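A.B. asks: I'd like to go over a predicted model; first the sequence, then the structure.
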Amino acid sequence: MTDPSSHPIHGRAVEAVVGLLNRERLMSLALNRPDGWPQVTTVGYLNDGLNLYFIVGRSSQKLANAERDSRAFVAIRLESGTQGDAVGVSMSGRVKEVLDPPMIDRLNRQVIARYPEVHVYCPGEDAVAVLHFAPEIVSCVGVVEGRSQAQTFVIGNPPDSRSGQDSGQFQAPLMPIKAKRSAGSSVAVKGDRT
């Protein structure tokens, strides 16, 4: 559900977030445990636009948590200067297992092409699951000279976030995006998307 005070923004913010996702390889992933407490782990990911894909072991707590409650939270941070400046993105969304063999083959080819020297994408188990994270809320944060600047975006029409249920119909698009600005905040972006 989108905030009625949100207003449309240019795809430049999407381009900036995707640029950050393209530069990084690791994310902190938080899923809800059966007792309600979050479980946070670091996993390697591959992005396709704003959509994130990652691998977990079939017997892992991460997969059990995601199957029980698809709500998830992701945080990714990029160092961007010698003065302690940084940029990052945090996203709330849904996780769902990818079961389509052609899609899994395509993702495998993308991982090998993008990161031929990196092996952070495989858990230690023989049986694995490929998971898809579709963001519903994206919060961009820039820290410049010790001051945070944040902006939050709501993507499309996600399912009701108060429920742990997933409609199975949501895939993060690159457009349209609606923004909800924090007081006095902005996101620095370069370029323009038409």
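C.D. replies: Done, it's in. Numbering: from 1, shown residues only.
A.B. asks: touching, P38 and S28? I think so.
C.D. replies: No. In this structure P38 lies outside contact range of S28 using CB atoms under 8 Å: 10.4 Å. Glycine gets a C-beta too; all of them are placed from N, C-alpha and C.
A.B. asks: list the buried ones in the lengthiest strand in the chain?
C.D. replies: Longest strand of the chain, by residue count under DSSP state E: strand 128-144. For strand 128-144, burial by neighbour count (16 or more other CB atoms under 10 Å) applies to 128-143.
A.B. asks: partner strands of the helix or strand that it is followed by and their direction?
C.D. replies: Using DSSP states H and E, the helix or strand that follows strand 128-144 towards the C-terminus is strand 147-155. Sheet pairing for strand 147-155, assigned by DSSP bridges, gives strand 128-144 (antiparallel), strand 177-181 (antiparallel).
A.B. asks: could the ones you listed go into CSV alongside distance to L107 and mean pLDDT?
C.D. replies: Output for the strands paired with strand 147-155, formatted as CSV (distance: least, CB to CB, whole Å; pLDDT from 0 to 100):
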stretch, distance to L107, mean pLDDT
strand 128-144, 6, 88
strand 177-181, 24, 34
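A.B. asks: hmm, R114 and D48 touching each other?
C.D. replies: No. Counting by CB under 8 Å, D48 does not reach R114; the two are 10.6 Å apart.
A.B. asks: which of these two has more neighbours?
C.D. replies: Ranked by neighbour count (other CB atoms under 10 Å), D48 and R114 place D48 first, with 16 against 12.
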